[in-house]
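Undergrad: no sequence on hand, only this structure:
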């Protein structure tokens, strides 16, 4: 529930909503067949509620991040196909001739994910043995790298220049980032199954591709921080930009962690431990959820026709979220390394669980900090809507 709720519920829902702001403005035209949007919103959210209820009732297809029942996956695919048509037709009828980099990533994210959802439809029950594991490794990293990552880039490439009122640092860098992501990411998924019966050559390709992801990551981050040149003095009062930049810092740390985890020597003490969970939280929540929140903080007051009701409340939320996710990543990394080296030394698994129990208490408090901080941001947004002029 947790992973599916974050990926399909929190991030994807926010992203789809923000696309309804970003795409028409980059295309200089209204959204194509915008009457589709409300029914798609209802179907998407009802389907998520039903899916969560079925997971609670025990339905599970057996794949990590692919547990949703087949019927719910079909609905997600149907909505995604409709959104793909809607966004691509809007881009086709655009009045702005240049195709800004956010639209490149949007097209890629939608097309790649439609294909990946077909993979999810047939994967869990139609692929035998070790091939099933390899297929799953590809699927789960396509969700992360070919949906969440390009979708996140859509948001920051639009909202960072808009928030600081400065042009993007380099269009050439943005294209290097796009094509290197498209070239390297499709091969990384099998690094989840090193030391397995999967062919060594396939594992090695995954390792090399994982290390090469440093290219798109560092390229896009150079673009983001380059955009901030001359803008740092105003960052304190610019909440969307603060969320975007902190998310970028988390992205740098999380992606470096993810790349080195693919090395056989590093994976030996870290695989099947909370070190991997630290990487997941740094990137999914610490980066892409924060970038989504930044987009909401930019758009919401403009939709409400009123300034943010309480900068102080939302700013407290920012600091609690930042403190929480940063501390959680450190705690999870530390306990993961301790558990991994204990297992390598021959300790029993249950003994390692007992040894890292104190870390979980700290993790609980860091999670509470994130929850309270997010609640403060939501409260500030709700108060903004209530102040909406008649």
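TA: Here it is on my side, so go on. For clarity, every value in this text was computed on a predicted model and none was experimentally measured.

Undergrad: switch to C-alpha atoms for all contacts and neighbour counts from now on
TA: OK.

Undergrad: residue 106 contacts residue 149, correct?
TA: No - using Cα atoms under 8 Å, residue 106 makes no contact with residue 149, being 10.3 Å away.

Undergrad: of these two, who's got more company?
TA: When residue 106 and residue 149 are compared on other Cα atoms under 10 Å, the one with more neighbours turns out to be residue 106, at 23 against 19.

Undergrad: how about that one, secondary structure?
TA: Of the three states, residue 106 takes helix under DSSP: H, G, I helix; E, B strand; the rest coil.

Undergrad: mind listing what it touches?
TA: Going by Cα atoms under 8 Å, 6 or more residues apart in numbering, residue 106 touches 150-151, 154.

Undergrad: which ones are touching the residue nearest to residue 267 when sequence neighbours are not counted?
TA: Ranked by Cα to Cα, 6 or more residues apart in numbering and with sequence neighbours excluded, the top spatial neighbour of residue 267 is residue 261, at 5.2 Å. Applying Cα under 8 Å, 6+ apart to residue 261 gives the contacts 267, 270, 276.

Undergrad: and the first one, how far from residue 328?
TA: Between residue 267 and residue 328 the distance, using Cα to Cα, to the nearest Å, works out to 20 Å.

Undergrad: same thing with residue 225?
TA: 25 Å.

Undergrad: which outside residues touch stretch 133-148?
TA: When contacts are defined by Cα under 8 Å, 6+ apart, stretch 133-148 is touched by residues 7, 11-12, 63-66, 108-110, 112-113, 116, 119-120, 123-124, 127, 185-193, 198, 288.

Undergrad: residues making contact with stretch 320-331?
TA: 246, 250, 278-279, 281-282, 285-286, 359, 362-363, 365-374.

Undergrad: just the mean pLDDT for the helix of greatest length in the chain, thanks.
TA: Longest among the helix segments of the chain by residue count, using DSSP state H, is helix 311-344. The average pLDDT within helix 311-344 is 97.

Undergrad: equivalent analysis for stretch 120-137, please.
TA: When pLDDT is averaged along stretch 120-137, the result is 88.

Undergrad: can you get me the start-to-end distance on it?
TA: 11 Å.

Undergrad: ok now that stretch, how far from the chain's centre?
TA: Offset of stretch 120-137 from its chain centre (Cα atoms, centre = their mean, to the nearest Å): 23 Å.

Undergrad: swap in stretch 61-70?
TA: With Cα atoms, centre = their mean, you get 19 Å for stretch 61-70.

Undergrad: list the buried residues for that stretch?
TA: 61, 63, 65-70 (16 or more other Cα atoms under 10 Å).

Undergrad: again, but for stretch 24-37
TA: 24, 26-27, 31-32, 37.

Undergrad: who touches that stretch?
TA: Contacts for stretch 24-37 (Cα under 8 Å, 6+ apart): 20, 23, 86-87, 89-91, 93-96, 100, 103.

Undergrad: which strand or helix spans residue 174?
TA: helix 171-184 (DSSP states H and E).

Undergrad: elements contacting that helix?
TA: Other elements packing on helix 171-184 under the criterion 3 or more Cα pairs under 8 Å, 6 or more residues apart in numbering; DSSP states H and E are helix 101-126, helix 200-212, helix 214-227.

Undergrad: quick one on the thing from earlier: nearest to residue 202 among the contacts of residue 106?
TA: residue 150 (24.5 Å; Cα to Cα).

Undergrad: what sits against that closest one?
TA: So residue 150 contacts 105-106, 108-109 (Cα under 8 Å, 6+ apart).

Undergrad: name the helix or strand of the chain that has the lowest mean pLDDT.
TA: helix 129-143 (a mean of 92; mean pLDDT, DSSP states H and E).

Undergrad: list the buried ones in the helix or strand following that one?
TA: Counting by DSSP H and E, the element after helix 129-143 in chain order, helix or strand, is helix 149-164. Using 16+ other Cα under 10 Å as the test for burial, helix 149-164 gives 149-161, 163-164.

Undergrad: show me which of the residues you listed is closest to residue 312.
TA: Nearest member of the buried residues of helix 149-164 to residue 312, counting by Cα to Cα, is residue 163, at 18.2 Å.

Undergrad: once you drop chain neighbours, what's closest to that closest one?
TA: With Cα to Cα, 6+ apart, the residue lying closest to residue 163 is residue 241, at 6.0 Å.

Undergrad: would you mind measuring from the one you found to residue 155?
TA: 12 Å.

Undergrad: out of the contacts of residue 261, which are inside helices?
TA: Per DSSP H, the contacts of residue 261 map to helices at 267, 270, 276.

Undergrad: and the closest residue to the last one other than its chain neighbours, what does it touch?
TA: Distances taken as Cα to Cα, 6+ apart place residue 270 nearest to residue 276, at 6.8 Å, with adjacent residues excluded. Remark: with contacts taken as Cα under 8 Å, 6+ apart, residue 270 is in contact with 261, 276, 336-337, 340.

Undergrad: since that was my last question, I'll sign off now.
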